[in-house]
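only geometry, no sequence info:
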């Protein structure tokens, strides 16, 4: 597909409608938004366009559609997979459409347990806004200071509370978006039930901006946390971690909000590289789990009783309970610093895989073994959301090697291998980060033809000119696909 | 669209592949499945085709697709909207594809909280099968003895536990289906997270068989009920009911699984027409609510304390607690017999509307008033899932009138009026029953053009020949639409 650059007339139309804050072609304004979050890819755009209202957003899309100009939507630019970087087939000719000016929280209804937030609202700001109404929005992740509502929806973001509340898809009660022809999907009414045909919002959730531009959403809220209990548990095996999870679910039910797995090596990396951290248990265990349970005042007692019982049965080795919010934060810091600690230690090929929960302990073992056999000396490390069957399965360069040279030479092959292992195990090569631009090649290679055919048919039906986020998610036209 | 009848050769191919149990053209075999659940519509089909396996189902669709023959999928034939009745544009020429022979429960995993059930599994059988594993499938409805998994998915069914667990869409972890070209969507792996592009199963859920044939699903299970508490509460107003709901949610959290509203008139109808029922409270209250809370052994105490407090504050008037399972069942009978009691009393135009939860009390009042003004003498009655913002808003014939004559003359106009009121209020004309054939006209008339355009584009993309369930949900070709 050949994408034209926007004409001077088109840019003038946009400038006139959006005003000075709404359009810029100044390279200095664009620069911060052209490189992806992981600093692996830099693109180029014809202009940075920033609508401030639904009407402006619809105008932008309609105006681009009229000339067949490509649009790359962007929220907080915190994609882990280059999903919002204007690189690829329309590079230099696309409009980079920033949603950051649409940052109103249109309403908060404690009674309806719902908030209406525009696409550009930053997750941390959303948390703060609903806290004032005695509610919380139960999705959080490391990039919460940057990630926006629109991006979280377009990537169906996960995070640390999926175990109880599901991913973003489970939290979207209503959606407002602009279709690729500039018409508007009005769907913000928070209807708990609505069976009028195809649930169109489900298509836009996780579509990575390829089917339309999300402008606002009605999101589910839950009561503010009354009391939380956080514990760090040492275990002998990942199988024991799974047994522990089932036991806690049986005894605490849905109070278990987070169940995060950290291997001994991951904890060691954190203790080595992150200041102000210390080992929570007297002894180093092969595996660790961070548990958070939320409920009434009795939840800490119930968690403690359950964990003491697990130790007595031999399922758990040891456990430390946070006795203050500060201690709870310190335990969480051990988990949340893991990616940073790993990065400080050297480069790694990073993967975000899931398999059915019960299969994860075996998968981690067999995949680690297969990786080491195929790429001798590499050091796989798996950590994260065991309760969701989702771990970040990263493969570090061989010890003592030049990790940058190794990454340049090997990372792509390692990733394709790991993605293949997850797919063969009935799992997914992308659990929560999406496909974006970095994983497109493996996604195209590993996807069942009937499934890909359906996706391409939907894309062609809703965006026949292919203007929405070209280069992300879906295969490129043959001539554009890198060899 | 002109649908051909299946040729003798086509029927022979199907008979050869499916065997004697898989195909019949005997009118006596077909007859029970040609009339809808509400006995309002009778269609005709060229044959009843009953695949027993995924491979047979894929063969049926591919064979039909090859000749452009229409398929009307059917599960338990319990659609409230004529969704599975072979009437309309391909009447007499469609294959009525019954999924009832695909009734295997392929696996139950208590550890993964998941069951893999084929499309033809009857809901009551599913409940029984997972109970053996100490789990429950948290969706139930009056037609549970007939409704099948495939139909529940294709209609995104609701029921009495949506408040806590959501509708069918929230419970589908994986899906297997046949696309309209006969290719297969393999997606049963119960991945809690999977962000590989468009979530295709979401399109098939609630599509009423117009985009493909659901053959099996992986469904979410939850722990078996430890203890349940059921109470019947008398109230002064529907607003008080909403206040009560919020108060119970604050104190009991997600333990509140059902919150069903019954007006005084509804209870009176049940007591008049249903044998072995008696008033649960000494006094008749303008409104009643049936609450069920589920949790540990303390849940009954917590509900009782909360209700006594609500009475003290004046939110609730009186309450009766079930002190045995038999008493709980007796209270539920009052709620579940309401439709039957109403039917015994005379004919009514029935509607299944939803608005945002907080808006429902006012909507019930204003809609009732508008209906009576527009259709003098009619008697609106609203009951049901207040906690979901969804009530069955039915309009009974004027007292003393010939209700059949009234229904024939007025029901259609009343329904269009009520559907319009719900839509104007930002709500939906179909909360849980779907559109099917009965509501298609109002759906087409009341749907925003951008939304309808997107649905038609998706339909054309995935089912270009329009063979899947023609006449249901989507507008007909102009020449076929009744004037």
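Arrived safely. Small disclaimer: the values here were computed from a predicted structure and weren't measured. Numbers count the residues shown, from 1 in each chain, chains lettered A, B, ... in the order given.

I'd like to know how many residues surround residue A:448.
Counted with other C-beta atoms under 10 Å in any protein chain shown, the burial measure for residue A:448 works out to 14 neighbours. Where C-beta positions appear, they are placed from N, C-alpha and C, glycine not excepted.

For it, give me its contacts.
residue B:186 (C-beta atoms under 8 Å, 6 or more residues apart in numbering or on different chains).

Give me the phi and psi angles of it.
Here is the backbone geometry of residue A:448 (degrees, to the nearest 10): phi -50, psi 130.

now residue A:382
The phi and psi values for residue A:382, taken as degrees, to the nearest 10, are phi -120, psi 130.

By residue count, which helix of chain A is the longest?
helix A:403-424 (DSSP state H).

Provide the contact partners of that helix at residue level.
Outside helix A:403-424, the residues within contact range by C-beta under 8 Å, 6+ apart are A:346-349, A:351, A:353-355, A:363, A:366-367, A:370-371, A:374-375, A:378, A:393, A:395-398, A:428-429, A:439, A:441-442, A:445-446.

among those, which are in reach of chain B?
Among the contacts of helix A:403-424, the residues within reach of chain B (C-beta under 8 Å from any C-beta of the partner chain) are A:354-355, A:428-429.

Select, from those, the two members most distant in space.
Comparing all pairs in those by C-beta to C-beta, the longest separation belongs to A:355 and A:429, at 10.8 Å.

next one: the longest helix of chain A to chain centre, how far?
20 Å (C-alpha atoms, centre = their mean, to the nearest Å).

Counting neighbours, which bits of that helix end up buried?
Within helix A:403-424, the residues that qualify as buried by neighbour count (16 or more other C-beta atoms under 10 Å in any protein chain shown) are A:403, A:406-407, A:410-411, A:414-419, A:421-423.

what helices or strands is the lowest-mean-pLDDT helix or strand in chain A leaning on?
Here the helix or strand of chain A ranked lowest by mean pLDDT, DSSP states H and E is strand A:222-223, holding a mean of 86. The helices and strands touching strand A:222-223, judged by 3 or more C-beta pairs under 8 Å, 6 or more residues apart in numbering or on different chains; DSSP states H and E, are strand A:135-136.

So which residues make contact with the strand it packs on?
By C-beta under 8 Å, 6+ apart, the list of residues contacting strand A:135-136 from outside reads A:108, A:110, A:113, A:115, A:127, A:130, A:221-225.

Compare those residues and tell me which has the most neighbours.
Within the contacts of strand A:135-136, residue A:115 tops the neighbour count with 26 neighbours, counted by other C-beta under 10 Å.

In contact with it, which residues?
When contacts are counted by C-beta under 8 Å, 6+ apart, residue A:115 is found next to A:105, A:107-109, A:126, A:129-130, A:135, A:137, A:218-219, A:221.

can you put these in CSV and add secondary structure and pLDDT?
Below are the contacts of residue A:115 laid out as CSV (DSSP: H, G, I helix; E, B strand; the rest coil; pLDDT from 0 to 100):
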residue, secondary structure, pLDDT
A:105, strand, 98
A:107, strand, 96
A:108, strand, 95
A:109, strand, 90
A:126, helix, 98
A:129, helix, 96
A:130, helix, 97
A:135, strand, 93
A:137, coil, 97
A:218, strand, 97
A:219, strand, 97
A:221, coil, 93
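
Buried only: go through the residues you listed for me.
A:105, A:108-109, A:126, A:129-130, A:135, A:137, A:218-219, A:221.

Output those residues in TSV; the columns should cover distance to residue B:307.
Converted to TSV, these look like this (distance: C-beta to C-beta, whole Å):
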residue	distance to residue B:307
A:105	35
A:108	29
A:109	25
A:126	34
A:129	33
A:130	29
A:135	24
A:137	30
A:218	31
A:219	31
A:221	25
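
rewinding a little: just the contacts of helix A:403-424: which are in strands?
In this view, the contacts of helix A:403-424 that belong to strands under DSSP state E are A:348-349, A:353-354, A:393, A:395-396.

neighbour-wise, which of the residues you listed leads?
Each of the ones in strands among the contacts of helix A:403-424 was scored by neighbours using other C-beta under 10 Å; the highest score is residue A:354's, at 30 neighbours.

Show the contacting residues for that one.
For residue A:354, the contact set (C-beta under 8 Å, 6+ apart) comprises A:388-391, A:422, A:427-428, A:431, B:191-194.

try residue A:57
Residue A:57 sits next to A:51, A:97, A:99, A:102, A:178, A:213, A:215 when contact means C-beta under 8 Å, 6+ apart.

In strands only, show me those.
If you go by DSSP E, these have A:97, A:178, A:213, A:215 in strands.

Which member of those is positioned nearest chain B?
Taking C-beta to the nearest C-beta as the measure, chain B lies nearest residue A:178 of the ones in strands among the contacts of residue A:57, at 9.6 Å.

burial measure for that closest one, as a count.
The criterion is other C-beta under 10 Å. On that basis, residue A:178 has 28 neighbouring residues.

mind checking how far stretch A:67-83 is from the chain centre?
Shown here is stretch A:67-83, whose average C-alpha point lies 15 Å from the average C-alpha point of the whole chain (C-alpha atoms, centre = their mean).

Leaving out sequence neighbours, find the closest residue to residue A:221.
Counting by C-beta to C-beta, 6 or more residues apart in numbering or on different chains, residue A:221 lies nearest to residue A:135, which is 3.9 Å off, once chain neighbours are set aside.

Run through the bridge partners of the one you found.
Here residue A:135 sits in beta bridges with residue A:223, as judged by DSSP bridges.

follow-up on the earlier one: now, of the contacts of helix A:403-424, which are buried?
By the neighbour-count criterion of 16+ other C-beta under 10 Å, the contacts of helix A:403-424 include these buried positions: A:346-349, A:351, A:353-355, A:363, A:367, A:370-371, A:375, A:378, A:393, A:395-398, A:428-429, A:439, A:441-442, A:446.

Now for residue A:259: which residues touch it?
Shown here is residue A:259, whose contacts under the criterion C-beta under 8 Å, 6+ apart are A:163, A:245, A:248, A:289-291, A:385-387.

Determine which two of those residues are furthest apart.
In the contacts of residue A:259, the most distant members under the criterion C-beta to C-beta are A:248 and A:385, with 14.9 Å between them.

Residue A:234: what's its closest spatial neighbour, skipping adjacent residues?
Beyond its immediate neighbours in the sequence, the residue positioned closest to residue A:234 (C-beta to C-beta, 6+ apart) is residue A:285, lying 3.1 Å away.

From residue B:291, how far off is the one you found?
Between residue A:285 and residue B:291 the computed distance is 45 Å (C-beta to C-beta, to the nearest Å).

Can you name the residue of the stretch 251-400 of chain A nearest to chain B?
residue A:388 (4.3 Å).

dump the residue contacts of residue A:33.
If a contact means C-beta under 8 Å, 6+ apart, then residue A:33 has A:45, A:48, A:74, A:77, A:96, A:98 as its contacts.

which of these tops the neighbour count?
Each of those was scored by neighbours using other C-beta under 10 Å; the highest score is residue A:74's, at 29 neighbours.

And for the residue lying closest to that one once chain neighbours are set aside, the neighbour number?
In this structure, residue A:74 finds its nearest non-sequential neighbour in residue A:84, 4.1 Å apart by C-beta to C-beta, 6+ apart. Applying other C-beta under 10 Å, we find 31 other residues in the vicinity of residue A:84.
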